[in-house]
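Enquirer: Coordinates for the following, if possible.
(one chain, ligands or ions: 2)
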Amino acid sequence: MEMGWLLWGTAVLLLLHVLMQLSPTVNFALRIGFYCVLCLLASALAAVACLLVNGGRTVKNMRIIKAVVKTFKYFFGLRFEVKGLENFKVEGPAVILSNHQSVLDMMGLMEVLPDNCVQVGKKELMYMGSVGLIMYLGGVIFINRKSTSSAKMVMSEVAKTMVAENVKVWVYPEGTRNCTGDLLPFKKGAFHLAVQAQVPVIPVVYSSFTSFYNPKTKLFTSGKIKVEVLPPIETKGLTSDDVTDLSDRCFSTMRETLFRLSGHPGEAKDSS
Ligand SMILES: CCCCCC/C=C\CCCCCCCCCC(=O)SCCNC(=O)CCNC(=O)[C@H](O)C(C)(C)COP(=O)(O)OP(=O)(O)OC[C@H]1O[C@@H](n2cnc3c(N)ncnc32)[C@H](O)[C@@H]1OP(=O)(O)O
Ligand SMILES: CCCCCCCC/C=C\CCCCCCCC(=O)OC[C@@H](O)COP(=O)(O)O
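Expert: Ligands and ions are numbered 1, 2, ... in the order given. Prediction:
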């Protein structure tokens, strides 16, 4: 009986392997499917650990989540080359900004995440079963992107609590995923947050995924991601009138860095 199951299991695995070699669509769907299953299962296990160790919703749970997610890269043959981690060592709270290319970004996020740091996410993520639960337990700040006024209200509350509780906040200023090798125009929320809290902004740039991941062409292979944490930009003394300048400055610095790390979209890339 057991022998039968073993044979069937081996046959199914072999079939999947052949299909993955023959069809990029199958390869892509299976790898992304595996990523989702991994996230759902790991979140369920990590949620139990978080509840046992820390008892409920707290940024301390991010340490547990980080330890778990940092192992995911080995399943997908991804390597990270990180520079500038010393730039996270600012005293007190800060707003961290980074480019957002894919759901795979959770691996890059956890690769460099400093202590006491929560992320801003769209509220729909809360309903992704165990993944939503682990985000809630980690202290993720959920916003309603469809209602500017409610998102602004949540962010101005965060401006107060991040200073009082000495927490860093990670925001994806493009406001949505974008895997084109370029940046989308930045939304203003992260910069209002930094100015209201009078805390520095720390930009983080991930090289383009396009050489190994492209949902349009169903490409998903192994690859290397370069990450650079840039020097903090102070906001002390700035007011809401300076938000546009601050946003423009961060946008150009991050775009220059993105192109330096992975070339302009469409150009042949440096494979070093
Ligand atoms: C263990 C295994 C686990 C495995 C899986 C789990 C892995 C890890 C778990 C933890 C990790 C979780 C990570 C979650 C990541 C989630 C990623 C996302 O969801 S990205 C999407 C959500 N995030 C964002 O959208 C942030 C960026 N967006 C903004 O900041 C926006 O500005 C806004 C959402 C606040 C508002 O957007 P919008 O309505 O489009 O309005 P704007 O055009 O930006 O602004 C309109 C005007 O309002 C002014 N403004 C904006 N904010 C403010 C403010 N706070 N105060 C005052 N005024 C504000 C702005 O300046 C505009 O006015 P203008 O006159 O035009 O300047
Ligand atoms: C009981 C419900 C079951 C639901 C099953 C859900 C299956 C999916 C499970 C795991 C997927 C892993 C997701 C990791 C978190 C990714 C966060 C993320 O990258 O969100 C995207 C968001 O930033 C921007 O969204 P849009 O680009 O605007 O869209």
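
Enquirer: drop to CA atoms for contacts and neighbour counts, all remaining ones
Expert: Noted.

Enquirer: near ligand 2, which residues of the stretch 101-250 of the chain show up?
Expert: Counting by CA under 6 Å from any ligand atom, the residues of the stretch 101-250 of the chain close to ligand 2 are 102-103, 128-129, 176-177.

Enquirer: could you redo the last one with a cut-off of 8 Å?
Expert: For the stretch 101-250 of the chain, the residues in contact with ligand 2 (CA under 8 Å from any ligand atom) are 101-106, 121-122, 125, 127-131, 172, 175-178.

Enquirer: In strands only, show me those.
Expert: Mapping those onto strands (DSSP state E) picks out 121-122.

Enquirer: So among the residues of the stretch 101-250 of the chain next to ligand 2, which ones count as buried?
Expert: Neighbour counting by 16 or more other CA atoms under 10 Å classes 101, 104-105, 121-122, 125, 130-131, 172, 175 among those as buried.

Enquirer: Among the residues you listed, name the ones in helices.
Expert: Counting by DSSP state H, those place 105, 130-131 in helices.

Enquirer: Residue ranges in the stretch 101-250 of the chain under the pLDDT threshold?
Expert: Scanning the stretch 101-250 of the chain for pLDDT under 70 picks out no residues.

Enquirer: What are the boundaries of the helices in the protein?
Expert: 2-22, 24-54, 61-69, 72-76, 105-112, 130-138, 148-164, 189-197, 243-262.

Enquirer: From ligand 2, how far off is residue 118?
Expert: Noted for residue 118: a distance of 13 Å to ligand 2, by CA to the nearest ligand atom, to the nearest Å.

Enquirer: so what's residue 38 up against?
Expert: With CA atoms under 8 Å, 6 or more residues apart in numbering as the criterion, no residue contacts residue 38.

Enquirer: per-residue confidence for it?
Expert: pLDDT recorded at residue 38 is 98.
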